[in-house]
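Visitor: with the input below, show me the fold.
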Amino acid sequence: MKEDEEMSLNSSEQALLTAIKKTTDKLNIDNISRTQAYATFYHRYPEVKWAFLASMVSRNTGWNMCDLQGENMKKALSKQTRDLLFLTYERANWLIFKDAFPQLLLYAVSRKKHVSYLHLLPYLNVSSFIEEKWRQFMQKPCELELIHALIVNEQHVIQKPVIEQPFYQDKVFKSMLFFFQDIFHFSSVLFPTTKGELYGCSVHDFTKVNNRIDLGKKLAALLFHEKYYPLFYEFSLKTKHTGSRYDYEQYFVDETSCCTPALRKVYPAIRHHEKKREKWFLTKKEEHKLMKKPPFPKKVHFTKWYLQKQKQLHILMKVAQVVNVNKNGHK
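Guide: Numbering: from 1, shown residues only. The predicted model follows:
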């Protein structure tokens, strides 16, 4: 929304928007700050379940980022490739936070002051779709509908500026590397427990927005399942997020050798810019389809899968190292 339109607001409303934007920018520094911000918000407003989902998915983003600086990835991938993958993760998650967190803060103010400030949503450049869903939630709270709406929103927010952006399309999503996403854990999101168990879901054809939305809804169903939720929430409360996979490997019964570093030891804060927010729209038919509740995932226990993947990855890295040594020796 244009500055002159924002000037039509009263001074307290302008001050509130300024404070929300400043707080969002302050917390949108890196993966660690975003993860903690989502978790802290959820602890205060547990009815906004998307915030907990966002914090747990953000943990996975951090682990994937730090994998790129681990011993295995350094042997297999060039620095340029690893930097590109890091920037892809970072850009997508920065954009989601920049769009979603102001919405959460505006809701928090509305709750605290017992008056709706949702009329300020247009001044935060959010989609008309999510504006409508927040208004419905304030009038008649439906936690499931709100979490599904925020999942639909976040995946559309990154579709054009990241997934369909020519640079990322050419350098990342159409590269040979992306076809090996199963090997490098790109296609799976893990929810750990302090009992040393891993649960999760996977997605195929990550570049399709509907597939990522389906994944998000399945993850939400798993995260808030009455059997598993206490385990995941306990992990969130007890485990500081560092970006290293040691965050959850420390709970494994059998000792593992973690070879991924903590995020802030290997990555600086990245400065981002957003020229113009990409607008997106849904037809009522598309909305109805995307907002449907999915069936509960058939396979959610991932501990054995993860340990097998680690062994496969270790073997693959040894092969890559031998190939590189032989290639260099024949120059």
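Visitor: wait, Ser244 touches Leu263, no?
Guide: Yes - contact criterion C-beta atoms under 8 Å: Ser244 and Leu263 qualify, at 7.5 Å. (Each C-beta comes from the backbone N, C-alpha and C, glycine too.)
Visitor: what do these two both touch?
Guide: Contact criterion C-beta atoms under 8 Å, 6 or more residues apart in numbering; residues bridging Ser244 and Leu263 by contacting each: Cys66.
Visitor: all helices in the stretch 51-200 of the chain, in order from the N-terminus.
Guide: 71-76, 79-113, 128-139, 143-158, 166-168 (DSSP state H, counting those that start in this stretch).
Visitor: how about the longest one: buried residues?
Guide: When burial is assessed from 16 or more other C-beta atoms under 10 Å, helix 79-113 yields the following buried residues: 81-82, 84-111.
Visitor: helices or strands up against that helix?
Guide: helix 11-27, helix 31-44, helix 50-67, helix 128-139, helix 143-158 (3 or more C-beta pairs under 8 Å, 6 or more residues apart in numbering; DSSP states H and E).
Visitor: turn these into a markdown table, columns for distance to Asn211, mean pLDDT and mean neighbour count.
Guide: Below are these laid out as a markdown table (distance: least, C-beta to C-beta, whole Å; pLDDT from 0 to 100; neighbours: other C-beta atoms under 10 Å):
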| stretch | distance to Asn211 | mean pLDDT | mean neighbour count |
| --- | --- | --- | --- |
| helix 11-27 | 28 | 97 | 14 |
| helix 31-44 | 23 | 98 | 20 |
| helix 50-67 | 15 | 96 | 24 |
| helix 128-139 | 19 | 97 | 16 |
| helix 143-158 | 9 | 97 | 22 |
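Visitor: quick one: closest of those helices to Glu278.
Guide: For Glu278, the closest of these is helix 143-158, at 7.5 Å, according to C-beta to C-beta.
Visitor: please state the offset of the closest one from the chain centre?
Guide: Here helix 143-158 is found 12 Å from its chain centre; the criterion is C-alpha atoms, centre = their mean, to the nearest Å.
Visitor: same thing with stretch 271-280?
Guide: Counting by C-alpha atoms, centre = their mean, stretch 271-280 comes out at 17 Å from the chain centroid.
Visitor: hmm, who's touching it?
Guide: With C-beta under 8 Å, 6+ apart, stretch 271-280 has contacts from 90-91, 94-95, 98-99, 125, 127, 129, 156-157, 159-161.
Visitor: from one end of it to the other, what's the distance?
Guide: 25 Å (C-alpha to C-alpha, to the nearest Å).
Visitor: how close does the closest residue to Arg34 other than its chain neighbours get to Lys304?
Guide: If the residues on either side of it in the chain are set aside, Arg34 comes closest to Phe97, at 5.0 Å by C-beta to C-beta, 6 or more residues apart in numbering. According to C-beta to C-beta, to the nearest Å, Phe97 and Lys304 sit 33 Å apart.
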